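Q: Attaching a predicted model along with its sequence, questions to come.
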Amino acid sequence: MSLLEYQNPITRKTFLNRTTLGLGALALAHLEGEQVLAQRKASSSFPSLPVKAKRVIYLFMSGGPSQLETFDYKPGLEKIHNTPLPKSVIGKQRLTTMTRGQAKLLVKAANQKWNRYGRSGQTMNARFQHLGKVADEIAILRAVHTEPINHDPAVTFLQTGSPNAGRPAMGSWLSYGLGSENKDLPHFVVLLSGGGQPVPSRYWHNGFLPSSHQGVQFQSQGDPVLYLSNPKGMDRQNRKRLVDHISKLNALKYEQVQDPEIEARIDAYQLAYRMQSSVPELMDLSRESKATLDLYGASPGRASFANNCLLARRLSESGVRFVQLYDRGWDHHSDTTSGIQNKIAQVDKASAALIQDLKQRGLLDETLVIWGGEFGRTTYGQDRGKTFGRDHHPGCFSIWMAGGGIQGGVTHGTTDDFSYNVAEGKVTPHDLQATILHCMGIDHEKLTYRFKGREFRLTDIAGNLIPEILA
């Protein structure tokens, strides 16, 4: 048998089977290379509108604060306390499994004291005694309406523009569109406080955007960022040498396959090294004056909402584009009266201090501050023993905004007499997102990213500005 006869010639079928993956990889690399170019183009083409705010601090009250106990005063409910909520008010709205089996859905008036604050006369729970001092700086949205009735999809909707997991978070979109003001810090930082409702890391995920735009969680205690410190036996000089060599290997691989995730990995290694110097100093609250610490009620070395608010100011001042604070513990299915009072006591002083501090430093006009949760609570009570709770309610709830691009001292939207339905000025999550992007100088319809053959955006195919609150 000749050598030629011994060798099995490659058939057309075999050739295609063996090369399909390679050809596909080449095509994919070409497409991903185009996405890298698109990403660079995005960060250079925005802002496209006049810039009112350069950065965002989002104080997210995780669990769903009751609008009836915070910003939506309904004195008329006192006259019908403990009477059935009319079915005509509920209409066809969904109820959760926690209350739809109750024999009676009885109206529960808010057992709270209320005050009007500032020259604008903003009405809010009297326990917001510190926030009341900056009432003329904030715009209260009383007619926010969402669709999801459970926590996870409701938070996901507000953060990503979709109730389904997998889309990029708002902070990731701003990172993608505007880039960073500080090469030594992440574009998007997350801080947690309180306990209760879980806050999974996918709330600050980059979704289909390059991973360099993912949020980074900072910690108030221990290492500011997990695994940021050098391991035992590794000094800073050797760490730098190791990072540089890894980056060279990744650069060689990127030249071969043009995968944008390799570029993101290179950036992540380099950023982590730079953060070893920038972050510990930034997170050290002992550098602040006693007057500033007292203003917030902050204590260096402790984990608290007050500390996180002060850290948010420091991060924003240093150029972080989007800082998100998640404060847990607002899910009051029982004893709503004292539960709300306790949470207000935990966040009131620091929330107001953040606005005061930003203003006295000349930063409020270019920093957008947002406060609110994922939905509101029901007018009827949830049976939980001697005290009443309130169930989840997406039909209407309250959020306030202040700072860059926002007109202070205004109230937008109203609810019906029961605070169960929007009466006027409905605001959806997409409207809120469109308005936030507008304040940052971005037309929400133009900030897009092509994925799976479609141009995606934060506001999906919806979203309208809220002109009444714009400065």
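A: Cool, got the structure. Residues are numbered from 1 along each chain as shown.

Q: Would you mind giving the domain segments of this protein?
A: Domain segmentation of the chain under automatic domain parsing yields 1-45, 50-224+283-469, 229-280.

Q: Quick one: mean pLDDT for the longest one?
A: Pointing back at domain 50-224+283-469 there. Mean per-residue pLDDT for domain 50-224+283-469: 95.

Q: How far does it sit from its chain's centre?
A: Relative to its chain's centre, domain 50-224+283-469 lies at 8 Å (Cα atoms, centre = their mean, to the nearest Å).

Q: How about the secondary structure of the closest residue to His187 other than its chain neighbours?
A: Leaving aside its sequence neighbours, His187 sits nearest to Ser175 (Cβ to Cβ, 6 or more residues apart in numbering; 3.6 Å). For every residue, glycine as well, the C-beta is placed using N, CA and C. Judged by DSSP: H, G, I helix; E, B strand; the rest coil, the three-state class of Ser175 is helix.

Q: swap in the one 10 residues further on?
A: Going by three-state DSSP, the secondary structure assigned to Leu185 is coil.

Q: And for it, the neighbour number?
A: Other residues near Leu185 come to 22 when the count uses other Cβ atoms under 10 Å.

Q: Contacts only, for Val190.
A: For Val190, the contacting residues are 171, 203-204, 215-218, 323-326, by Cβ atoms under 8 Å, 6 or more residues apart in numbering.

Q: and what of Phe128?
A: Listed by Cβ under 8 Å, 6+ apart, the contact partners of Phe128 are 70, 117, 344, 348.

Q: let's go with 7 Å and repeat that
A: Residues in contact with Phe128 (Cβ atoms under 7 Å, 6 or more residues apart in numbering) are 344, 348.

Q: same check, this time on Gln112
A: By Cβ under 7 Å, 6+ apart, the residues touching Gln112 are 69, 125.

Q: Sticking with it, tell me its helix or strand.
A: Under the criterion DSSP states H and E, no helix or strand holds Gln112.

Q: do you know how far it is from Ser211?
A: 45 Å (Cβ to Cβ, to the nearest Å).

Q: okay but Thr367 is in contact with Arg55, surely?
A: Yes - here Thr367 reaches Arg55: they are 5.4 Å apart, a contact under Cβ atoms under 7 Å.

Q: what touches both of those two?
A: Contact criterion Cβ under 7 Å, 6+ apart; residues shared by Thr367 and Arg55: Ser316.

Q: Strands of the stretch 351-471 of the chain, start to end?
A: Taking DSSP state E, counting those that start in this stretch as the criterion, the stretch 351-471 of the chain carries its strands at 367-372, 376-377, 382-384, 387-389, 392-393, 397-403, 410-412, 414-415, 422-424, 449-451, 454-456.

Q: For those, give me JSON lines that also has mean neighbour count.
A: Shown next, in JSON lines, are those (neighbours: other Cβ atoms under 10 Å):
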{"stretch": "strand 367-372", "mean neighbour count": "25"}
{"stretch": "strand 376-377", "mean neighbour count": "30"}
{"stretch": "strand 382-384", "mean neighbour count": "18"}
{"stretch": "strand 387-389", "mean neighbour count": "20"}
{"stretch": "strand 392-393", "mean neighbour count": "24"}
{"stretch": "strand 397-403", "mean neighbour count": "27"}
{"stretch": "strand 410-412", "mean neighbour count": "20"}
{"stretch": "strand 414-415", "mean neighbour count": "21"}
{"stretch": "strand 422-424", "mean neighbour count": "15"}
{"stretch": "strand 449-451", "mean neighbour count": "17"}
{"stretch": "strand 454-456", "mean neighbour count": "12"}
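
Q: Rebuild those as JSON lines, extending it with distance to Asn164.
A: Shown next, in JSON lines, are these (distance: least, Cβ to Cβ, whole Å):
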{"stretch": "strand 367-372", "distance to Asn164": "21"}
{"stretch": "strand 376-377", "distance to Asn164": "22"}
{"stretch": "strand 382-384", "distance to Asn164": "27"}
{"stretch": "strand 387-389", "distance to Asn164": "28"}
{"stretch": "strand 392-393", "distance to Asn164": "18"}
{"stretch": "strand 397-403", "distance to Asn164": "21"}
{"stretch": "strand 410-412", "distance to Asn164": "28"}
{"stretch": "strand 414-415", "distance to Asn164": "28"}
{"stretch": "strand 422-424", "distance to Asn164": "24"}
{"stretch": "strand 449-451", "distance to Asn164": "14"}
{"stretch": "strand 454-456", "distance to Asn164": "12"}
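
Q: For Pro75, which of those is the nearest?
A: Of all the strands of the stretch 351-471 of the chain, strand 414-415 sits nearest to Pro75, with 13.4 Å by Cβ to Cβ.

Q: partners of the closest one in the sheet?
A: strand 422-424 (antiparallel) (DSSP bridges).

Q: gap between Gly132 and Trp114?
A: In terms of Cβ to Cβ, Gly132 sits 11 Å off from Trp114.

Q: same check, this time on Phe71
A: 10 Å.

Q: same question, Leu315
A: For Leu315, the distance to Trp114 (Cβ to Cβ) stands at 34 Å.

Q: For those two, indicate the residue with more neighbours.
A: Leu315 (25 against 16).

Q: So that one versus Arg167, what's the distance?
A: 24 Å.

Q: what's the most buried one of the domains of the chain?
A: domain 50-224+283-469 (a mean of 20; mean count of other Cβ atoms under 10 Å).

Q: Give me the distance between the two termini of stretch 126-139.
A: End-to-end distance of stretch 126-139: 17 Å, with Cα to Cα, to the nearest Å as the criterion.

Q: my bad, should have said stretch 107-120
A: One end of stretch 107-120 sits 30 Å from the other (Cα to Cα).

Q: How about stretch 367-386?
A: Stretch 367-386: ends 44 Å apart by Cα to Cα.

Q: Quick check: Met61 is in a strand.
A: Yes - counting by three-state DSSP, Met61 is part of a strand.

Q: Name the nearest residue to it, sequence neighbours excluded.
A: Nearest non-adjacent residue to Met61, counting by Cβ to Cβ, 6+ apart: Gly373, 4.2 Å away.

Q: I figured the one you found was touching Trp330, is that so?
A: Yes - at 5.7 Å, Gly373 counts as touching Trp330 under the criterion of Cβ under 7 Å.

Q: Which neighbours do these two have in common?
A: In contact with both Gly373 and Trp330: 61-65, using Cβ under 7 Å, 6+ apart.

Q: okay, among those residues, which ones form the most distant pair?
A: Pairwise distances across the shared contacts of Gly373 and Trp330 peak at 9.4 Å for Ser62 and Pro65 (criterion: Cβ to Cβ).

Q: Between the two, which contacts overlap?
A: Taking Cβ under 7 Å, 6+ apart as the contact rule, the neighbours common to Ser62 and Pro65 are 330, 373.

Q: Appreciated, that's everything.
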